[in-house]
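[1] Could you look at this predicted model? Sequence included:
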Amino acid sequence: MSNNLSFLAGGGDVGRLIASYEWGGTALGPIDSWPEARRTAIAMVLRAPVPVALLLGPDGVMIYNDGYAGIALGRGRHPACLGASVLTAWPEVAAFNAEVLRVVLAGGTLSFRNHELGLMRDGAEEKVWFNLDYSPLPDARGEIVGVLVLVTEISERARFERAIVEDRARLRQMFEQAPSFMALLSGPEHVFELTNTAYRQLIGHRDVLGLRVREGLPELAGQGFFELLDRVYASGEPYVGRGVKVLLQATPDSPAEARTLDFVYQPVRDGGGGVTGIFVQGVDISDRIAAEHARAASEHQFRTFAQTMPNHVWVAGLDGGQTWVNDRMHDYAGMTPGALCGFGWRGTIHPDDLAETDVRWKESVATGAPYEREDRRRRHDGAWRWHLSRAVLIHDCDGLPRCWIGTSTDIDDQKLVEQALRDSELRLRLSQEAAGIASFEVDVATGDVMGSERLWALWGLPQATRVPLAVFERLVLPEDRLAPWSETGPRDGTAAKNVEYRIRRGDTGEERWIARHVEYLRDAAGRPVKMFGVMRDVTDAKQSEIRQQTLTHELAHRIKNILATVSAIASQTLRDTDLATARAAFDTRLQALARGHDILNASRWTTASLGGVVEAGLGPFPGERITINGPDLAIGPRRALTLALAVNELGTNALKYGALGDNGGHVSVAWWREDTADGPRLVWRWAEAGGPAVSAPERRGFGRFLLERVLAADFGGSVRIAFAPGGVECILTAPWPPTQWED
């Protein structure tokens, strides 16, 4: 090292870095130009045994020794901060250092102890503590040209001291918040030095700090506690009290209340082993003792109650084994006391029921769910009788499971009654279903209706548990609405007992007749409570009655019509012909009329199939030479008889003179719907083909009169007859659809 840099000799690693550093690029200028005063200050800093730094010039250019380099290196700043401004070298504390430069360069000094700074290390802020001293650095003329910094890092010690403070605070907090009561008594007079919240609650929040126990808690006089404290202090032996009774005042003027305590008097010793005070710690167990007494009283009351009950009462542990049963259980089973405890009760269960009982009981024990089970149990006389057992899990005041309490009730007689009731209900239901009867009841107070399955089917309503009466009232035809009941009938008990009315089903809208009978259940004052009733669909009976009346009327009407028809046939047949010929023609026409009657008798004179009438009318004629084709249509009785006579006339003439004669002709009978400008029409056509040539008769006989006059009139249409060279063609046109052709 040259003589110009001799001031750096003995400066360690940092001295060598200073020697090689290019200072010409800094505010300090080349190192050869540095004044002697600066060189001397740097030499002192480099040789200092503690971390020291110089902040030179207004920017605080940094020069420091190996001690300071260790601090900077640990935070990734060395050697970068050598020759750099302190403001840029430590940007996170730039404001702090700027204030240091301002004060010290102005001639002031600064000193900090346990000073906390937040310095960055590896991208994260680290809390560190320093003792810092800042002094002015003068040049040879006494002008302040820099700051001398003495740095002592005390982070480890600061963290340790803070941990001690925090530990003490936690201990104090634990002392204060401890659930047990605590107090520290000092000296032979037992002066209160510390008390926690629980202790202050115990003594009614009295301010006793600094007072002797005899002054702070005067009500303890005569209870032996002062003497006990004196003995512990004198002997140095701790005292443990359990379940100790004490009378304490909540306030100075209130009467003393009895409390029960568990506590310890623990001597406190100094470094020499001498007793200096007593630490008091304990628990107020008054509530627990009261709860235990209450529990004992409750258990006594429960067992007394259980012994007087007619049921079997038992208690089971959390493992499912019974720990107590009342005397009635032993008497019922004919077993000695205690024989049913544990799992001895399983021996009284019917073998066929035991497995399921075990499964159900184990499930409840495992899950805590309420237990309910019906099984058979052996009575002392060997009879197996049905029992209903129920049990619930009992919890203590802390919500923890404690035990199971259960009952077992003999329900064998009830089972027999229930079975008899089910049999009776089944018989009643079958009887009602067979008779088509629906049962119902009306709650007078709410107006709700409940009923059997048949009720909902009868009215076309969806199955329901209960619905308002108004739902049914809306389905009654308006003109019949006052028949079932008046506006207040269901509520005041004035509804008619037996009535028939019409409804419109809720699902199909179909009109049906209902017959109903009701009775009222009344309270002691005679007010109606419920209305019970039955009803059935009497639509078929009503229609039968109507048909009977109609039949009587129709019979008279049809007899007159038949007599008129026979009279007309006779009149037309016997006119201008010999007796034998007339008789044969008359017989044929009567047979055609009879065939029409047969078809109508099959349908009870309601309607007849148009095709069936044609087929029956052509039955006497050669069927292999006749084709019939058309849709299935229904026509009324009068049209059926007229059509039967018309088909007979056409067939007879075809057999005698036309296509059904010996020349091998053919007849086609067809009908269809034809859409016209006037609407849809029925077209019925008789067409002969392959027969001898025909011509129109010179006079109109019965057949033509029947076709052109009677057939056309009865069908409400027109008939056209054509005598074509190949045979007769007869065409009937009439309104469509068939509903317009009913009588």
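    In hand now; what should we look at?

[2] Would you map the strands across the stretch 51-200 of the chain?
    For the stretch 51-200 of the chain, the strands defined by DSSP state E, counting those that start in this stretch occupy 52-56, 61-64, 110-121, 124-138, 144-153, 181-186, 191-195.

[3] between the ones you listed, which gets nearest to C341?
    Ranking the strands of the stretch 51-200 of the chain by proximity to C341 (C-beta to C-beta) places strand 181-186 first, at 42.5 Å. C-betas here are computed from N, CA, C, even on glycine.

[4] Okay, angle between the closest one and strand 191-195 too, please.
    Computed by axes from the mean of the first three to the mean of the last three C-alpha atoms, to 10 degrees, the angle separating strand 181-186 from strand 191-195 equals 140 degrees.

[5] Which strands or helices does strand 181-186 pack on?
    strand 191-195, helix 197-202, strand 275-284 (3 or more C-beta pairs under 8 Å, 6 or more residues apart in numbering; DSSP states H and E).

[6] Convert the C-alpha atoms of the shortest one to CSV, please.
    Put plainly, it is strand 191-195. The C-alpha trace of strand 191-195 is given here as CSV (Å, rounded to 0.1, in the frame of the first residue of the first chain):
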residue,chain,number,x,y,z
VAL,A,191,-52.7,-8.2,53.1
PHE,A,192,-54.4,-8.5,49.7
GLU,A,193,-51.8,-7.9,47.0
LEU,A,194,-53.6,-9.5,44.0
THR,A,195,-57.1,-10.9,43.3
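
[7] Buried residues in it, which are they?
    V191, F192, L194, T195 (16 or more other C-beta atoms under 10 Å).

[8] Over to stretch 647-658?
    Applying 16+ other C-beta under 10 Å to stretch 647-658 flags V647, N648, E649, L650, G651, T652, N653, A654, L655, Y657, G658 as buried.

[9] and what of stretch 125-144?
    Result for stretch 125-144 [16+ other C-beta under 10 Å]: buried residues V128, W129, F130, N131, L132, D133, Y134, S135, P136, L137.

[10] Now tabulate the residues you listed in a markdown table and tack on distance to T465.
    Formatted as a markdown table, the buried residues of stretch 125-144 follow (distance: C-beta to C-beta, whole Å):
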| residue | distance to T465 |
| --- | --- |
| V128 | 79 |
| W129 | 80 |
| F130 | 84 |
| N131 | 88 |
| L132 | 88 |
| D133 | 93 |
| Y134 | 93 |
| S135 | 98 |
| P136 | 100 |
| L137 | 101 |
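
[11] Show me which of those residues is closest to F302.
    W129 (67.6 Å).

[12] With adjacent residues omitted, what lies nearest to the closest one?
    Nearest residue to W129 in three dimensions, chain neighbours excluded: A158, at 3.6 Å (C-beta to C-beta, 6 or more residues apart in numbering).

[13] Where does the prediction get shaky in this protein?
    Along the chain, segments meeting pLDDT under 70 span 1-3, 171, 252, 424-425, 427-435, 483-491, 547, 550-605, 737-743.

[14] Save the helices and strands packed on strand 181-186 as a markdown table, and put in distance to G216 too.
    Below are the helices and strands packed on strand 181-186 laid out as a markdown table (distance: least, C-beta to C-beta, whole Å):
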| stretch | distance to G216 |
| --- | --- |
| strand 191-195 | 6 |
| helix 197-202 | 11 |
| strand 275-284 | 12 |
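
[15] and of the ones you listed, who's closest to G224?
    strand 275-284 (15.0 Å).

[16] got the contact list for the closest one?
    179-187, 190, 193, 198-199, 202, 229, 232-233, 236, 241, 259-270 (C-beta atoms under 8 Å, 6 or more residues apart in numbering).

[17] what's the distance between stretch 234-245 and the middle of its chain?
    60 Å (C-alpha atoms, centre = their mean, to the nearest Å).

[18] in that stretch, what's buried?
    Buried residues in stretch 234-245, counting neighbours by 16+ other C-beta under 10 Å, are found at V244.

[19] before we move on, what about stretch 175-185?
    Under the neighbour-count criterion of 16+ other C-beta under 10 Å, stretch 175-185 has F181, M182, A183, L184, L185 buried.

[20] and the first one, how far is that from P468?
    Between F181 and P468 the computed distance is 67 Å (C-beta to C-beta, to the nearest Å).

[21] what does the third one give?
    For A183, the distance to P468 equals 73 Å [C-beta to C-beta].

[22] Helices of the stretch 151-300 of the chain, start to end?
    Per DSSP state H, counting those that start in this stretch, the stretch 151-300 of the chain carries helices over the ranges 155-177, 197-202, 213-216, 225-235, 286-308.

[23] Could you name the helices and strands sitting against the shortest one?
    Translated: helix 213-216. strand 191-195, helix 225-235.

[24] Quick check: which of those is nearest to T642?
    Once the helices and strands packed on helix 213-216 are compared by C-beta to C-beta, strand 191-195 is nearest, at 123.7 Å.

[25] Quick one: distance of that closest one to the chain centre.
    The chain centre lies 59 Å from the centre of strand 191-195; the measure is C-alpha atoms, centre = their mean.

[26] quick one on the thing from earlier: looking at the buried residues of stretch 647-658, spot the one nearest F532.
    The nearest member of those to F532, counting by C-beta to C-beta, is V647 at 60.5 Å.

[27] So what's the residue count around K415?
    Neighbour count for K415, taken as other C-beta atoms under 10 Å: 16.

[28] Can you tell me which of the helices of the stretch 151-300 of the chain is most buried?
    Highest mean neighbour count of these: helix 197-202, a mean of 18 (counted as mean count of other C-beta atoms under 10 Å).

[29] which residues are contacting that one?
    Here helix 197-202 makes contact (C-beta under 8 Å, 6+ apart) with 176-183, 206, 248, 259, 280, 284.

[30] residues in contact with stretch 528-541?
    Residues contacting stretch 528-541 (C-beta under 8 Å, 6+ apart): 432, 435-445, 455, 458, 490-493, 495, 500, 512-523.

[31] buried residues in it?
    So, applying 16+ other C-beta under 10 Å, buried residues of stretch 528-541: P528, M531, G533, V534, M535, R536, D537, V538, T539.

[32] L105 and V208, how far apart?
    Using C-beta to C-beta, L105 is found at 59 Å from V208.

[33] With Q307 instead?
    52 Å.

[34] In this structure A687 contacts W671, no?
    No: the pair A687 and W671 does not pass the contact test of C-beta atoms under 8 Å, sitting 11.7 Å apart.

[35] re earlier: from the buried residues of stretch 647-658, which land in helices?
    V647, N648, E649, L650, G651, T652, N653, A654, L655, Y657 (DSSP state H).

[36] Excluding chain neighbours, what is closest to the third one?
    Computed as C-beta to C-beta, 6+ apart, the closest residue to E649 that is not its neighbour in sequence is G703, at 3.8 Å.

[37] Can you pull the domain assignment for this protein?
    As recorded under automatic domain parsing, the domains making up the chain are 3-160, 178-284, 290-410, 417-537, 545-741.

[38] And the strands in the stretch 551-700 of the chain?
    608-609, 626-629, 634-635, 666-676, 679-689.

[39] out of those strands, which comes closest to L110?
    Across the strands of the stretch 551-700 of the chain, L110 has its closest neighbour in strand 666-676 (118.4 Å, C-beta to C-beta).
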